[in-house]
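K.L.:
Have a look at this prediction, sequence included:
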Amino acid sequence: MTSSLIDFRLKKLKKDTLAKFGIMTPQHMVEHLTITLKISSGRIKLPEFTVEEGDAKLKQALLYSEMEFPEGVKYPKDTGKLMELRFPDLETAKQKLNEALAEYQQISAETPDFKTVHPRFSTLTKEEWDTFHQKHFKHHFSQFGIWE
């Protein structure tokens, strides 16, 4: 997953692009990916925890097989309501996503043995985060028809 490819796909995303599934708007999706990148780079720190059996099986399937994110998968503590937007518009949100991606790539390149806590799967390695991000971006970019 290269920054240039992500940026190329993001350019196709407009504020009125309709989701093929789910309730997120384009800006909600971009901000959601930004938060996930910040968690993976350690900018947002989560406490360690023991993964529940169902989530451990999902972690194994998602990170160590060809399984893709299923449509309708919920993130931990999902209330069914959209989060409050942090940025004034979609273009700013896209810029912040690109910045968060660059930061993650820099940190993971400088410290290849780093580990940070994922909100559902607990501690992940760089390799696990890389796999997660690839599938997570594909899932959400497919949601808005910009993966292709």
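P.N.:
Sure, I can see it.
K.L.:
May I have the residues that are in contact with residue 77?
P.N.:
Contact analysis of residue 77 by CB atoms under 8 Å, 6 or more residues apart in numbering lists residue 119. Backbone N, C-alpha and C define where each C-beta goes, glycine included.
K.L.:
What distance do you get for it to residue 47?
P.N.:
Taking CB to CB, to the nearest Å as the measure, residue 77 falls 13 Å from residue 47.
K.L.:
just residue 70 next, same as before
P.N.:
Plainly put, residue 70 is 27 Å away from residue 47 if you go by CB to CB.
K.L.:
Which one's more surrounded, these two?
P.N.:
For residue 70 versus residue 47, the count of surrounding residues by other CB atoms under 10 Å is larger for residue 70: 9 against 6.
K.L.:
SS state for that one?
P.N.:
Recorded secondary structure, residue 70: coil (DSSP: H, G, I helix; E, B strand; the rest coil).
K.L.:
Buried residues, the lengthiest helix in the chain. List them.
P.N.:
Looking across the chain with DSSP state H, the single longest helix is helix 90-110. For helix 90-110, the neighbour count (16 or more other CB atoms under 10 Å) marks 90, 93-98, 100-101, 103-105, 107-108 as buried.
K.L.:
give the contact list for residue 113.
P.N.:
Contacts for residue 113 (CB under 8 Å, 6+ apart) come out as 125, 126.
K.L.:
For it, identify the helix or strand it belongs to.
P.N.:
Taking DSSP states H and E as the definition, residue 113 sits outside all helices and strands.
K.L.:
pLDDT at it, what is it?
P.N.:
As predicted, residue 113 sits at a pLDDT of 94.
K.L.:
likewise the one 3 residues further on?
P.N.:
Per-residue confidence for residue 116 comes out at a pLDDT of 97.
K.L.:
repeat for residue 39
P.N.:
Here, the pLDDT recorded for residue 39 equals 97.
K.L.:
would you list the buried residues of helix 90-110 in CSV and tack on pLDDT and distance to residue 11?
P.N.:
CSV is the format used below for those (pLDDT from 0 to 100; distance: CB to CB, whole Å):
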residue, pLDDT, distance to residue 11
90, 98, 11
93, 98, 13
94, 98, 8
95, 97, 12
96, 98, 15
97, 98, 12
98, 96, 11
100, 97, 17
101, 97, 14
103, 97, 21
104, 97, 20
105, 96, 19
107, 95, 25
108, 93, 24
